[in-house]
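**Student:** pasting a predicted model and its sequence here:
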Amino acid sequence: MNTVGAGSRRVSGTDVTKVVVIGGGIAGTAAALALQRAGYDVTVYEAHPDTAADIGAFLTLGSNGMRALAQLGATDAVTATGFALTSLRLLDSQGTEQARGSLGEVTDPALHYRCLRRGELNSALQREAARRGIPVRHGVRLADVSNGPDGVTAHFADGTTADADLLLGADGLNSTVRTRLVPEARPGYAGQRIYYGYSAAAPEGDPTGLITFVRGGESTFGYAVSPAGQTYWFARVNTEALPADGAVHEADRREELLPLLRGDATPAADIVAGSVGPVLATNATDLPLGTVWHRGRALLIGDAAHAASPATGQGASMALEDAVVLAKALRDLPDVPAAFAAYEGHRRPRVERNITVSGGMSRAGHGSARPGLAVARPAEPDAALIRQLAWDTPLSAAPPKES
């Protein structure tokens, strides 16, 4: 479902020509693809020395995220890795099936949910950027931002600088750009530790394309089996935060997790016990509602602006939506203030609803939330979102009012 062809660039509507993107992850690289398509000169600066940042973690892209990718012409680049998910089931702590249904927009293979490692997605997007001639400079760490009414300068730790008409902070949860723009906005613990890993233990009879959620006695557990027979799994546990919010703890933590799973008559404990490589853990973290997204010529997108707990599984998809809507706003509105206002008007209600729902699921505990079901999207896609993402549909200055 690639929608980009030759001659797809448009003349930008604002007075912006050159854009610097800080962060070469999902949000930053997708934004670079979208902005180039809108006619801008874009360079991405990434602090990590290669594309494999967060290679251990995996994620799911929803049908909405896959729709955004299609508007960037990046469907084929991403579907070359990972595997599709088309159905979901929910088990209780005794292994009894409570619910089962389709997942996302199953009638269009290009919009199927997709499960893949974060590092693989980063690499796929960066390879696509390189193929299109977008510079992605690795090992360059931002130190400061000089932000003026007519331009912005990125100052890097190695003493170099980059001048641009616009700077995007796509540098994630612990964003350096955000600390320079809005130092008062700090991530908070959302009440759960997230454990994850990969296992050689695949429950008998589980087909590829199914993601299973287990509402256990001590955790929420989820897993999906890849075509190669490897089980991708995660667990969410309500407990105190690990040190250093947002950090991945590399030590194998399976012996910490297994006692919480063994009281349930489900496959969870066997899956974790059969993990290949370490069992990793991190904190569920989110940003406060109302966090300022832009000042002057600098704008935050993705997790840097609206990080949410992973309970709804929508973080990466929201970042991809951001990329498309921002590029359309800059293309279709007459100046930067108008473009930023339109972008925020279209995006803030949606992403803050995700923060609220996901944070509520995390903080309420595994027993009172409805894990997994919130991941599923209605079979009928959101018409307003489709218009918002459709590349050839102009972005209005104000979003439609919700009914």
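**Tutor:** Received the coordinates, thanks.

**Student:** let me know the secondary structure of the residue most central in space within the chain.
**Tutor:** Centroid-nearest residue in the chain: residue 316, 1.4 Å away (criterion: C-alpha atoms, centre = their mean). Judged by DSSP: H, G, I helix; E, B strand; the rest coil, the three-state class of residue 316 is helix.

**Student:** can you check the pLDDT for it?
**Tutor:** Note on residue 316: pLDDT of 96.

**Student:** ok now do it, which residues does it touch?
**Tutor:** Contact analysis of residue 316 by C-beta atoms under 8 Å, 6 or more residues apart in numbering lists 26, 59, 60, 61, 65, 118, 121. Every residue, glycine included, has its C-beta placed from N, CA and C.

**Student:** how about the fourth one, nearest residue that isn't a chain neighbour?
**Tutor:** With C-beta to C-beta, 6 or more residues apart in numbering as the measure, residue 114 is the residue that lies nearest to residue 61, at 4.6 Å, once sequence neighbours are left out.

**Student:** how about residues contacting stretch 268-275?
**Tutor:** The contact list for stretch 268-275, computed with C-beta under 8 Å, 6+ apart, reads 195, 197-201, 203, 214, 216, 219, 221, 223, 231, 233, 235, 254, 257-258, 261-262, 279.

**Student:** relative to the whole chain's centre, how far out is that stretch?
**Tutor:** Remark: stretch 268-275 is offset 26 Å from the chain centroid, using C-alpha atoms, centre = their mean, to the nearest Å.

**Student:** quick one: mean pLDDT over the biggest helix by length in the chain.
**Tutor:** The longest helix of the chain (DSSP state H) is helix 336-364. Across helix 336-364, pLDDT averages out at 95.

**Student:** now for that helix, which elements pack on it?
**Tutor:** strand 188-199, strand 280-286, helix 303-306, helix 315-332 (3 or more C-beta pairs under 8 Å, 6 or more residues apart in numbering; DSSP states H and E).

**Student:** pipe the ones you listed into CSV and attach distance to residue 172 per row.
**Tutor:** What follows is the helices and strands packed on helix 336-364, written out as CSV (distance: least, C-beta to C-beta, whole Å):
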stretch, distance to residue 172
strand 188-199, 16
strand 280-286, 11
helix 303-306, 5
helix 315-332, 10
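
**Student:** for the stretch 101-250 of the chain, which segments count as strands?
**Tutor:** Ranges of strands in the stretch 101-250 of the chain, per DSSP state E, counting those that start in this stretch, are 113-117, 136-138, 142-147, 152-156, 161-164, 166-169, 188-199, 210-215, 220-225, 231-238.

**Student:** out of the ones you listed, flag the one nearest residue 331.
**Tutor:** The stretch from those with the least distance to residue 331 (C-beta to C-beta) is strand 166-169; that distance is 12.7 Å.

**Student:** picking that back up, which residues are in contact with the residue nearest to residue 61?
**Tutor:** Contacts for residue 114 (C-beta under 8 Å, 6+ apart) come out as 60, 61, 66, 78, 79, 82, 83, 84, 85.

**Student:** show me those residues that map onto helices.
**Tutor:** Within the contacts of residue 114, residues falling in helices by DSSP H are 66, 78, 79.

**Student:** can you redo those as JSON lines with distance to residue 337, neighbour count and pLDDT?
**Tutor:** Below are those laid out as JSON lines (distance: C-beta to C-beta, whole Å; neighbours: other C-beta atoms under 10 Å; pLDDT from 0 to 100):
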{"residue": "66", "distance to residue 337": "32", "neighbour count": "26", "pLDDT": "98"}
{"residue": "78", "distance to residue 337": "33", "neighbour count": "22", "pLDDT": "96"}
{"residue": "79", "distance to residue 337": "38", "neighbour count": "20", "pLDDT": "96"}
